[in-house]
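1. the sequence and its predicted three-dimensional model are supplied below.
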Amino acid sequence: MTEVIKVTVNGVEYQTTAGQNVLQFLKAEEVDVPSVCFHESLGPIQSCDTCIVEVNGELQRACGMKLETDMVIQTQLEDVHKAQDLAMDRILKNHELYCTVCDHNNGTCDIHNTVAEMQKEHQNIPFKEKGYEVDYSGSFYRYDPDQCILCGRCVEVCQDVEVNETLSIDWSREQPRVIWDNDVPIDESSCVNCGQCVTVCPCNALMEKPMLKEAGYLTDVEQGTLRSMINFTKNVESGFGPLFAISDTEAEMREDRIKKTKTVCTYCGVGCSFDVWTKGRDILKIQPQPEAPANGISTCVKGKFGWDYVNSEERLTKPLIREGDVFKEVEWDEAISYVAKRMSEIKAESGPDALGFISSSKATNEESYLMQKLARQVIGTNNVDNCSRYCQSPATKGLFRTVGYGGDAGSLKDIETAGLVITIGSNTAESHPVLASKIKRSQKLFGQKLIVADIREHEMAERADLFFQPVPGTDLIWLSAVTNYIVEKGWHDEEFLHNRVNNVDEYLEKIKKFTLEYAEEVTGLSKETMIHIAEAIHEADSTVICWAMGVTQQKGGSDTSTAISNLLIVTGNYGRHGTGAYPLRGHNNVQGCSDFGSMPNSFPGYQDVEDDEIRGKFEKAWKSELPAEPGMTNHGMVDAMHEGSLRALYLHGEDMGIVDANANYVQRGFEELDFFVVQDLFLSRTSEFADVILPAVPSLEKEGTFTNTERRIQRIYQALPTLGDAKPDWEIVQMLARELGADWNFGGPAEIMDEAASLTPMFAGVSYERLEGYNSLIWPVDPEGIDMPMLYEDKFHFEDGKARLYFVDWTEPTGTDVEYDLHVNSGRLLEHFHEGNMTYKSEGITRKTPSAFIEVSPELAEERGVKDGALVKLTSRTGSVKGRVVVTDRVKGNELFIPLNDNGELAINKLTSSEVDKDTDTPAYKDTAVKMEVLEEKGERPLPHNNHRFGNRNPQIGVRIEEKWKRDDYVFPGNIIRKKEVKK
């Protein structure tokens, strides 16, 4: 139990708990103590010395001490104030106060605010330039050494929160400064542009480039003029009081023209939330907040800087109707009337199942709800699906089989605090970078163990305690062999299995076939490696397994996902903090899109369309007879286009012609449709096949909710007006439904959520009031609004409350052969997203990573006579692509890797086939074989020299503040004030 202690602060006695940070305790008790370097998300850095207080008669840094019983703390003594004042003078020696004309004068400057709180009027040590140039080299932010106070926040966040380990402070210089890697410009370093250094900077030393000359009323001036203004201001103003009076007024004026709106990131499934600062339509910055539930202060390059697409000149702003080979702009009334007319005609001629609907995993929960309602209630078909079919349906299937809910077993906090994390088929650092940072931090600072299984040696593999590369498509075998070995050794959780699990004896008997010898033969892994995995799980107090498309995009993806859950059940790794299964969702709302019913076999909340009672509930609410048979998956819809049974398709926010497997076949299917509607932000490759294109809006131009990978529902708020005549997707769907005769009168997304919650037990207590601001709910949510971040603590989601071991066998991949002798792996990049329709609109991102590429191993490059930049043609059984080569040891042997982000000559899905997971129709993207033709043996490398992959990280723990304290020019302010002997 936590020890309760007594401490005395300024003569007042407090009862509290031991071990707390003294500074945090004082702030919580509203005892005024200045602090500049301390940040609640970083902890004590001890670099600024402004938080000096007297503790038990000694002047000490409050941030560097823990509370102990009978501690006596004084914050109001004259010596305390003198020491704090001296510490602030040292800061101001490094930082010139010119607040009124500073872009950072937005009410959040820690130096400005601390000087004001201390009521300091003058500085006793004059500002001195350090002699370094401002570094503008990077795409997104700049560093001004002359404004840098060397607090170390940026280093701490880079080293120990983001754990990219790029920044450090060179304390050995005559004038110390922050450096990137081994002292190179920002643009030449390993910096991944997560932007966290800028987020935590307490002043204007690090600034987002869009903020420069844009934030203030007096900041848009040339450098020479700015210097004159600074000097004039300093000469006129007699002290900090007048300076702050003017600058505070100017800061308040900024509030009238800079809008700060809470939103949720529109890229991956981590679900980062933050404030977006806008001035008119200009996006000035993304500012994460510590209270953001999934990410805190963390961001990645896309979430922090990847918003240029919102204001792209390529945005669609008017509805378009095809006339021959061209599109003409029309008004909304004409477009909606035409769509409704054609849909009604096709329904009348061929029945409702001749129409199909595909929702967007980038749109909101409410928009998914309306899309499936349009299909079921208005048209009368269950032909509705979403892009989870391309990635996560197998994971959901595996979890439904074994534990009952198709979502993460716990929250991101459980991954962060697990004793052991195993990732399988997941390039986490690039696909889910903020989550990866949590794992990297726990491994680096707190001893978490990391095991990585993948066929490619990416960053997480490099950092792993154990990394191994099984033969592609064989994960089920080694997982089952490890499970069997654990049982043989008696390491399984017998009590958990006896009390909480069904099918135990049958499963344990069947799994005996997966011996280590058999697994070694098929997977290419040694028995020693598999024993090492089993031992690590046995020795860990808690284990989580994260997996992604490397598992799910196989012909046996559902079965491998099931095997993962079986292993966790056998070892008792469910229902406790730091345990469970975590399929990592790829898109911002791929979880929510399925949760809210855009599935061919289920209503919202995974309620079965074949269940008469459930269907009756929806029929009563919607006043319509609803279809009882499950509809077609999106894979089935493509086949039906070719067969002629699917005549019309309404596609919402998905570049299906590029992201679906066997893209050539899919695009030929589009040509067979009688009527095709695409609703999107841009004229995508898919929209070129459309008969009607409806202009939608991005997340910053509407309201709604997203559900992240941990089942967390969060609100987004409208930050910008809609562009041109574009409309939110929910408005477009409602307009169409009304034109088709439906009596829909939703006044906004909140009303849509209310209806969904009223019909879906899983969301019973979800409401916009409970999701206000940074509040969130993790489903299931009971009617009283109580959510469930951790599942299965008391029971599993089956009628008897018990989990089910579900035996699965191996489905052999198609693999390579003599002709198609190279295996192609595909996946995401950190800086781009999916096919690149959004991220290629960012000049900053594109200059660092201008195109997709083909990774080739050194041994294959030597065998085929290719070098960096070589142009090669890859041909599979279904198509061919061309691209430039990057020779790298990230891949080995006959393995190739191609990023997803190309919709032209290197579009990966021109190579993939129509083979699918046997249980969910998810394409077997990762089971692709090709042959290679060398067109040019060398050429320009597709990754420029300034790409972060060519940087040189400089890992360390924190800022190494002891190196500052050892400098000859540093003496602790408390020692100076009390004239203690200085230790040299």
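-> That came through, no problem.
2. which secondary structure element of this protein has the lowest mean pLDDT?
-> Within the chain, no helix or strand scores below helix 223-236, which has a mean of 67 by mean pLDDT, DSSP states H and E.
3. can you give me the strands in the stretch 251-400 of the chain?
-> With DSSP state E, counting those that start in this stretch, the ranges of strands along the stretch 251-400 of the chain come out as 259-264, 273-279, 282-287, 320-323, 326-329, 355-358, 384-385.
4. low-confidence bits of the stretch 801-950 of the chain, can you list those?
-> Across the stretch 801-950 of the chain, nothing is flagged by pLDDT under 70.
5. where exactly do the strands run in it?
-> Assigned by DSSP E, counting those that start in this stretch, the stretch 801-950 of the chain shows strands spanning 803-804, 822-827, 854-856, 871-875, 880-887, 895-899, 928-936.
6. and of those, who's closest to residue 101?
-> Across the strands of the stretch 801-950 of the chain, residue 101 has its closest neighbour in strand 895-899 (43.2 Å, CB to CB). C-beta coordinates here come from the backbone N, C-alpha and C atoms, glycine included.
7. list the helices and strands the closest one packs on?
-> If you count contacts as 3 or more CB pairs under 8 Å, 6 or more residues apart in numbering; DSSP states H and E, strand 895-899 packs onto strand 822-827, strand 854-856.
8. what's around residue 751, how many residues?
-> Look at residue 751: counted by other CB atoms under 10 Å, it has 13 neighbours.
9. assign it to helix, strand or coil.
-> Reducing the assignment at residue 751 to three states with DSSP: H, G, I helix; E, B strand; the rest coil gives helix.
10. check what pLDDT it gets.
-> According to the prediction, residue 751 has pLDDT 98.
11. hey, which of the helices and strands packed on strand 895-899 is tucked in deepest?
-> Neighbour counts (mean count of other CB atoms under 10 Å) averaged over each of the helices and strands packed on strand 895-899 peak at strand 854-856, with a mean of 25.
12. pairing partners for that one, with directions?
-> Pairing partners of strand 854-856, with direction, according to DSSP bridges: strand 880-887 (parallel), strand 895-899 (antiparallel).
13. of those, which is nearest residue 970?
-> The closest of the strands paired with strand 854-856 to residue 970 is strand 880-887. By CB to CB, the value is 45.8 Å.
14. starting at the chain centroid, how far to that closest one?
-> 28 Å (CA atoms, centre = their mean, to the nearest Å).
15. list the buried residues of it.
-> If you call a residue buried by 16 or more other CB atoms under 10 Å, then strand 880-887 has these buried ones: 881-887.
16. coming back round to it: can you redo the helices and strands packed on strand 895-899 as JSON lines with distance to residue 409?
-> Compiled in JSON lines, the helices and strands packed on strand 895-899 are given as follows (distance: least, CB to CB, whole Å):
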{"stretch": "strand 822-827", "distance to residue 409": "24"}
{"stretch": "strand 854-856", "distance to residue 409": "33"}
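17. now the helices for the stretch 101-250 of the chain?
-> Taking DSSP state H, counting those that start in this stretch to define them, one finds helices in the stretch 101-250 of the chain at 110-117, 153-160, 196-200, 223-236, 240-257.
18. of these, which is nearest residue 592?
-> Comparison of these against residue 592 by CB to CB identifies helix 196-200 as nearest, at 26.4 Å.
19. the closest one: which residues count as buried?
-> 196-200.
20. follow-up on the earlier one: could you dump the strands of the stretch 801-950 of the chain into CSV with distance to residue 58 added?
-> Formatted as CSV, these follow (distance: least, CB to CB, whole Å):
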stretch, distance to residue 58
strand 803-804, 56
strand 822-827, 55
strand 854-856, 58
strand 871-875, 69
strand 880-887, 58
strand 895-899, 57
strand 928-936, 67
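21. now for these, which one comes closest to residue 609?
-> strand 803-804 (22.7 Å).
22. hmm, who's touching the closest one?
-> Residues outside strand 803-804 that contact it (CB atoms under 8 Å, 6 or more residues apart in numbering): 401-404, 500-503, 569, 574, 792, 796, 798.
23. follow-up on the earlier one: for the strands of the stretch 251-400 of the chain, give me TSV that also has mean neighbour count.
-> Output for the strands of the stretch 251-400 of the chain, formatted as TSV (neighbours: other CB atoms under 10 Å):
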stretch	mean neighbour count
strand 259-264	19
strand 273-279	22
strand 282-287	21
strand 320-323	15
strand 326-329	13
strand 355-358	26
strand 384-385	30
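24. now render those as CSV, adding mean pLDDT and distance to residue 807.
-> Below are the strands of the stretch 251-400 of the chain laid out as CSV (pLDDT from 0 to 100; distance: least, CB to CB, whole Å):
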stretch, mean pLDDT, distance to residue 807
strand 259-264, 98, 39
strand 273-279, 98, 41
strand 282-287, 97, 47
strand 320-323, 97, 52
strand 326-329, 97, 53
strand 355-358, 98, 34
strand 384-385, 97, 29
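25. now those as CSV including distance to residue 696?
-> What follows is the strands of the stretch 251-400 of the chain, written out as CSV (distance: least, CB to CB, whole Å):
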stretch, distance to residue 696
strand 259-264, 17
strand 273-279, 19
strand 282-287, 19
strand 320-323, 12
strand 326-329, 16
strand 355-358, 14
strand 384-385, 18
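26. relative to residue 124, which of the ones you listed is closest?
-> Going by CB to CB, the one of the strands of the stretch 251-400 of the chain nearest residue 124 is strand 282-287, 33.5 Å.
27. what packs against the closest one?
-> Counting by 3+ CB pairs under 8 Å, 6+ apart, the packing neighbours recorded for strand 282-287 are strand 273-279, helix 301-305.
28. what is the mean pLDDT for the shortest one?
-> The pLDDT scores in helix 301-305 average 97.
29. contacts for it, please.
-> Contacts of helix 301-305 (CB under 8 Å, 6+ apart): 139-140, 192-196, 198-199, 208, 265, 267-268, 272, 274, 286, 433-434, 830-831, 833, 839, 842, 844-845.
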